[in-house]
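*Asks:* next comes the sequence, and after it the predicted model I'd like to discuss.
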Protein chains: 2
Amino acid sequence: MRLLLVEDDARIAADISAVLTGAGYTVEIAADGENAWFLGDTEDYDLIVLDLGLPGMDGMSVLKRWRGNGRHMPVLVLTARGSWAERVEGIDAGADDYLPKPFQFEELLARARALIRRSVGHGAATIAVGPLSIDTRAMRVSVNGVPQALTPLEYRLVSYLGHHRDRIVPPTELQEHLYGDDFSRDANALEALVARLRKKLGAVAIGTRRGFGYYMGENAP
Amino acid sequence: MRLLLVEDDARIAADISAVLTGAGYTVEIAADGENAWFLGDTEDYDLIVLDLGLPGMDGMSVLKRWRGNGRHMPVLVLTARGSWAERVEGIDAGADDYLPKPFQFEELLARARALIRRSVGHGAATIAVGPLSIDTRAMRVSVNGVPQALTPLEYRLVSYLGHHRDRIVPPTELQEHLYGDDFSRDANALEALVARLRKKLGAVAIGTRRGFGYYMGENAP
DNA sequence: ATGAAGCTGACAATTCGCTGACAGACACTG
DNA sequence: CAGTGTCTGTCAGCGAATTGTCAGCTTCAT
């Protein structure tokens, strides 16, 4: 899962980023409105955490411009405490959820999970695909009810494919979501990762559509 | 189920009460500390929802006096957000759970249900995980019945993991709960703490899922 | 048939978590 | 006030798990 964190205070940004990274997300940071707008408009994120009150372009304007351009990724807005007017304005601007500052990191994670789930159309904390079940809260994957020992990277891949079940996911998209900005990796790293996963979960767990990408779930040609 | 709601703001009290009543609970309201203490000490409730910052006797003192008198009904404390010191003090005073304000009513209900379930399940005060038993009231941990001398920080870690048994707790979450917003500590501090604990409680007490976090209880693999 | 795309096993580099030693902060005691 | 002991953060080094890379192989589409 790839997140964009828009926050101008470097220290706060580092803290939040650490928490999100610890929860298994790939986090990129934008420190001002211009940059945030550009990244949000051109890149593909699973969630954007947007702090209002930025230098440069105002956070609310950034959000409005994204929505105006038809970008509809989930956006979680961090607001000042008790600012009701801001909330209302934000709802109109197209925010998906709010978190008044200061907040518990745990709550940020819970809301992030909820938003990501909702955005891809699943209501439950556990996603079931064929013989697999993915518990996004315990970060555990079971095959026919038997829990599997997955490494963090493996889990992130399964989780992403599970959230986008029945859809072909191009390798480039997967690389972006797994590795973020870091382009240093060989394309083969992903293939090796898939191979290791299939060995653990069974060959049927992840399908390949040659020339297009990988998928989980039903996707017969 | 009979609940006591301790809240001085009449409007907020009415709102919360309506929600709880709607969920099928019988709700009584105490608007100040003296009254709350009297009711909690003489009546029998399945759960007490306690807002701190009351007129008259302070909420924390009320809680301490209840516990001092041997009353051990579950208490859910509503705290100001981000007040780490308050939380720690509350743990010591004997609170069973926390909810930072403002909160979603849905979450209040969920936590209330969990607390009530837990309290009827096994006497509330002790959590048993494998060879460990954690007496949350006496703040004492035993291994196979043998009491262990734990330092305050060690106890807080065990207690937190015990309350979240069978769940992977990411290191960032633990750091937040142990150290509050102060992220200046080296990540290694937590690891050192875990190492010391394992030396006291036995290596099996706390498990590690590399790349994910720590856990107590069943969580293989 | 043939080249491209994808798979796989082996190996190496890197990261992560554990541990023992040490030091500063603090409280308690004589 | 000095001395002592406890608690906890920091450091450095070790071992192991994780992950990237490479080379050769298989499969597929045209």
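*Replies:* Okay, I see it.
*Asks:* where do the helices sit along chain A?
*Replies:* Counting by DSSP state H, one finds helices in chain A at the ranges A:10-22, A:33-42, A:59-68, A:84-93, A:105-119, A:152-163, A:171-179, A:188-201.
*Asks:* and those helices, which one is worst for confidence?
*Replies:* In terms of average pLDDT, helix A:84-93 trails the rest of these, at a mean of 62.
*Asks:* output the helices of chain A in TSV, with distance to B:Tyr25 and mean neighbour count appended to each entry.
*Replies:* Where you see a C-beta, it was placed from the backbone N, CA and C, and this is true even at glycine. Shown next, in TSV, are the helices of chain A (distance: least, Cβ to Cβ, whole Å; neighbours: other Cβ atoms under 10 Å in any protein chain shown):
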stretch	distance to B:Tyr25	mean neighbour count
helix A:10-22	34	17
helix A:33-42	44	18
helix A:59-68	39	20
helix A:84-93	29	14
helix A:105-119	24	18
helix A:152-163	36	21
helix A:171-179	44	17
helix A:188-201	44	15
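*Asks:* right, and these - which one's nearest A:Leu99?
*Replies:* Distance to A:Leu99, taken as Cβ to Cβ, is lowest for helix A:105-119 among the helices of chain A, at 6.1 Å.
*Asks:* rewinding a little: could you dump the helices of chain A into a markdown table and include distance to chain B?
*Replies:* Listed next are those as a markdown table, based on distance: least, Cβ to the nearest Cβ, whole Å:
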| stretch | distance to chain B |
| --- | --- |
| helix A:10-22 | 4 |
| helix A:33-42 | 23 |
| helix A:59-68 | 21 |
| helix A:84-93 | 11 |
| helix A:105-119 | 5 |
| helix A:152-163 | 3 |
| helix A:171-179 | 14 |
| helix A:188-201 | 11 |
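*Asks:* as CSV, those helices with distance to DNA strand D would be great.
*Replies:* CSV is the format used below for the helices of chain A (distance: least, Cβ to the nearest atom of the strand, whole Å):
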stretch, distance to DNA strand D
helix A:10-22, 12
helix A:33-42, 22
helix A:59-68, 30
helix A:84-93, 36
helix A:105-119, 18
helix A:152-163, 3
helix A:171-179, 6
helix A:188-201, 4
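*Asks:* wait, which of those is closest to B:Met57?
*Replies:* Proximity to B:Met57 (Cβ to Cβ) singles out helix A:105-119 among those, at 29.6 Å.
*Asks:* thinking again about what came up before, as JSON lines, the helices of chain A with distance to B:His72 would be great.
*Replies:* Converted to JSON lines, these look like this (distance: least, Cβ to Cβ, whole Å):
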{"stretch": "helix A:10-22", "distance to B:His72": "34"}
{"stretch": "helix A:33-42", "distance to B:His72": "50"}
{"stretch": "helix A:59-68", "distance to B:His72": "47"}
{"stretch": "helix A:84-93", "distance to B:His72": "39"}
{"stretch": "helix A:105-119", "distance to B:His72": "26"}
{"stretch": "helix A:152-163", "distance to B:His72": "40"}
{"stretch": "helix A:171-179", "distance to B:His72": "48"}
{"stretch": "helix A:188-201", "distance to B:His72": "46"}
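*Asks:* and those: which comes nearest DNA strand C?
*Replies:* Within the helices of chain A, the stretch nearest DNA strand C is helix A:188-201; the backing value is 3.6 Å (Cβ to the nearest atom of the strand).
*Asks:* now for that closest one, which elements pack on it?
*Replies:* helix A:152-163, helix A:171-179 (3 or more Cβ pairs under 8 Å, 6 or more residues apart in numbering or on different chains; DSSP states H and E).
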